[in-house]
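Asks: predicted model and sequence below, questions to follow.
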Amino acid sequence: MLEQPELYGNWVVGARKSAEKDPRWPQPGAELWHQQGIGPIHLTDVTSVVAVDRPTCIVLNAKVRPFFIAEVTITLEQTEGGTMIWMREEITSGPLRPLSRIFDPVIRLRNAKTLQRLEQLAAAG
């Protein structure tokens, strides 16, 4: 799923759709154009691959300008029962960065729902 950015809109909370992807995805520097938003407010921006350690980790630079840019790290760990997925998101720049501690609980809830959606999508096949 992580190597299929066209599916990001199906599991990333707030993502509406993937508009265009770089054929080099998930190589570092590859980009994915997407829509992000809540309710009637939608922005088109880009997420790029910062680093990848296949098949266990991908680091993304997610832009939701003009509000913020975030670094998102998704790590996969094989366990006896399947795969454990860890997701960390940190606002790295933009006008909302000084308020990032206020948004941390919201980001954690959003990411928990995102991981739940990813799990459901993976289970479906």
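Replies: Happy to help now that I have it.

Asks: partners of the lowest-mean-pLDDT helix or strand in the chain in the sheet?
Replies: Every helix and strand of the chain was ranked by mean pLDDT, DSSP states H and E. The lowest is strand 15-21, at a mean of 74. Taking DSSP bridges as the criterion, strand 15-21 forms sheet pairs with strand 31-38 (antiparallel).

Asks: what comes up buried for the partner strand?
Replies: For strand 31-38, the neighbour count (16 or more other Cβ atoms under 10 Å) marks 31-32, 34, 36 as buried. C-beta: built from backbone N, CA, C; applies to glycine.

Asks: low-confidence regions, the protein specifically.
Replies: 1, 19 (pLDDT under 70).

Asks: that one: helices as residue ranges?
Replies: All helices of the chain, identified by DSSP state H, fall at 8-11, 100-124.

Asks: let me know which of these is tucked in deepest.
Replies: helix 8-11 (a mean of 18; mean count of other Cβ atoms under 10 Å).

Asks: tell me what that one is packed against?
Replies: Contact partners of helix 8-11 among helices and strands, from 3 or more Cβ pairs under 8 Å, 6 or more residues apart in numbering; DSSP states H and E: strand 15-21, strand 31-38, helix 100-124.

Asks: got the contact list for residue 42?
Replies: If you count contacts by Cβ atoms under 8 Å, 6 or more residues apart in numbering, residue 42 has them with 16, 35-36.

Asks: which residues does it bridge with?
Replies: With DSSP bridges as the rule, residue 42 is bridged to residue 37.

Asks: residue contacts, the nearest residue to residue 114 once chain neighbours are set aside?
Replies: In space, residue 114 comes closest to residue 13 once its chain neighbours are excluded; the distance is 4.8 Å by Cβ to Cβ, 6 or more residues apart in numbering. Taking Cβ under 8 Å, 6+ apart, we find residue 13 in contact with 110-111, 113-114, 117.
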